[in-house]
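J.: structure for this input, please:
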Amino acid sequence: MYKGNDQEIYDLVLEAGFVSREELDQLRKRAFEQDQALATVFLEKGMELEVLLGLVSKETGVPMISQGSIDLIRAERLTDRLPKKLALGYGALLVDESEEHCDLLVANPFDHNLEADLSHFLEKQVKLWMSDPIFVQKHLENLYGDDREDPKDISVVDAGAVVSGDSLNDATIVDYVEMLIQKSIREGASDIHFEPFENSYRIRYRVDGNLKEIPSHTGHLGDVITSRIKVMAGLNIAEKRIPQDGRIQVQAMGRQVDIRVSTLPTQFGESVVLRVLDKSNVNLDLDLLGMPERVLQQLRTAIHAPNGIFLATGPTGSGKTTTLYCALRELNDPESKLLTVEDPVEYDIGGVVQVQTHAMIGLDFARVLRAFLRHDPDRILLGEIRDTETARIAVQASLTGHMVFSSLHTNNASGAVTRFVDMGVEPYLVAASLVAVIAQRLLRRLNPEVSESYAPSDFELEQLGFAREDLNGRLFCRGNPSVEERDLFKGRVGLYEMLSVNDEFREGITGMLSHTELERIAIRNGMDTLRVDALRVLLDGLSTTKEVLRYT
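T.: You can find the predicted model right below:
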């Protein structure tokens, strides 16, 4: 219920004063942990549906209508006016139509694009009405059929010979590509991969960090699928010799989803990756990241520093950008000037000035950062420090009174120092500017409904670097062997390594100590390594030893 609109619901209930902020934060945390919409948790807590709907109606300006006032027979006769793809995609049911306007019953009145988009399609003014979203969704499925097929059944030959080589048509490819995107979003995919090979064409999508292949018979259609995606992203379909980047916006499950598109020329054609930027799957709240309390306190202390550099490190897909966005959102208030330069801008944050780089016209990180310093910012977010020039300007910005946030690709927290020095930044400047570094990884979260406890073997503990005494008699968890792999995990859980820079560590930097010696200083001053934090995750039954060994 209103999945993806947790922040709006949170603000409404807080303003209405039904519960305290502390209790509200607890309920939001519970919703996040149980993968439920915040509105659903409120209803389970005892809030009346009519009260919640009234708050939503007042906020959105969409009037409520009683279920008994809806003529479902009339709605069934109007299904031809609003195609299944649009009706289910927007969560909208056409319930009445006159010469002047159309009446639409909507499941998600928070969708600001819905009214304009459907008005354009229906070529009339539309009047939106709202009711219980579960009621609306139920009748959408009754009238149009449930559109939520099992992703493992995806195949381009589902419609028989319609997509065979000789009978291929543009409409079929358009529908097929859209079907792939919609199904991947429903599965919670972070990216979709289209990969050409000599005798095959592979389509995969990544969920919770793992790639899953979509069964298909599309070897002869690779170029056509790529061309369709490039058209959607506004790319040059004739240019196949150089990489291209673009963006697509789609409507999925009643909300707008941004997709970043990247093409890459390969030996057998163009490889295409679609990165799904779904705001509803991202909670920009530090309290919901699942950090150990001590790490969270250290991080908050670091990001509130008046000047310096705060870095998030780790490989691609480890959640660095999410951590930085959460920090920025916490600092976002009317008294602070916040600027970001990113490639690309992944999520819009109200009140923050965000700039996207354009390498083709020379608008790179370094150039934007130099311009930022003339705009009197309090805090600056650099999507990534990639080169010597950017690193040096970031250090200079931090030394002239600005707080700089950025990310680096290093294996651990202390490795950030080595990376900066390798880029050509003088060690004494690194020591003077660096405030803190957080290294992180994302593991697949074990589904508690299909897990079982067990005592790890000596061999497992040896691999992990733990002694049996470290467990204090507690057990690890693993997936039930009778359960399929795809059902064993649900969501992600983070590992964190927080390095707070103190005087001893700064002396080590200026003394040009090795990476290993710097890490020893950090551990001596209380830093838990990623592997040590992994013990917390294992003992809490949040993930498995296989996942820990895979990522640390």
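J.: for G415, give me the pLDDT.
T.: pLDDT recorded at G415 is 93.
J.: doesn't H515 make contact with it?
T.: Yes. G415 is in contact with H515 according to Cβ atoms under 8 Å; the separation is 6.0 Å. C-betas here are computed from N, CA, C, even on glycine.
J.: higher neighbour count, those two?
T.: Each of G415 and H515 has its neighbours counted (other Cβ atoms under 10 Å); G415 has more, 20 against 17.
J.: what residues are up against the more buried one?
T.: 313, 439, 515 (Cβ atoms under 8 Å, 6 or more residues apart in numbering).
J.: take the residues you listed and keep only those in strands.
T.: 313, 439 (DSSP state E).
J.: including pLDDT and distance to Y205, could the contacts of G415 go into a markdown table?
T.: Converted to a markdown table, these look like this (pLDDT from 0 to 100; distance: Cβ to Cβ, whole Å):
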| residue | pLDDT | distance to Y205 |
| --- | --- | --- |
| T313 | 96 | 27 |
| A439 | 96 | 27 |
| H515 | 89 | 36 |
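J.: between the two ends of stretch 187-196, how far is it?
T.: Length of stretch 187-196, first residue to last, Cα to Cα, to the nearest Å: 23 Å.
J.: contacting residues around that stretch?
T.: 151, 180-181, 184, 201-209, 211, 222, 225-226, 229, 266, 268-276, 281, 317.
J.: which of the residues you listed count as buried?
T.: Applying 16 or more other Cβ atoms under 10 Å to the contacts of stretch 187-196, the neighbour count classes 151, 180-181, 184, 201-209, 222, 225-226, 229, 269-276 as buried.
J.: report the beta-bridge partners for L408.
T.: Beta-bridge partners for L408, by DSSP bridges, are T313.
J.: residues in contact with it?
T.: Contacts of L408 (Cβ under 8 Å, 6+ apart): 311-313, 384-385, 416, 419.
J.: ok, so of the residues you listed, who is nearest V450?
T.: When these are compared for distance to V450 (Cβ to Cβ), A312 wins out at 32.1 Å.
J.: correct me, but the closest one touches A416?
T.: No. Counting by Cβ under 8 Å, A416 is not a contact partner of A312; they are 9.4 Å apart.
J.: neighbour count: these two, which is higher?
T.: With other Cβ under 10 Å as the criterion, A312 and A416 differ in neighbour count, and A416 comes out ahead with 29 against 25.
J.: where does the prediction get shaky in this structure?
T.: 3-4, 112-113, 120, 146-172, 215-220, 254, 279-283 (pLDDT under 70).
J.: show me the longest helix that occurs in it.
T.: As assigned by DSSP state H, the longest helix anywhere in the chain is helix 170-186.
J.: buried residues in that helix?
T.: Taking 16+ other Cβ under 10 Å as the criterion, helix 170-186 shows 172-173, 176-185 as buried.
J.: could those go into CSV alongside distance to H304?
T.: Formatted as CSV, those follow (distance: Cβ to Cβ, whole Å):
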residue, distance to H304
T172, 55
I173, 52
Y176, 50
V177, 46
E178, 45
M179, 47
L180, 44
I181, 40
Q182, 42
K183, 43
S184, 38
I185, 36
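J.: right, I'll call it a day here.
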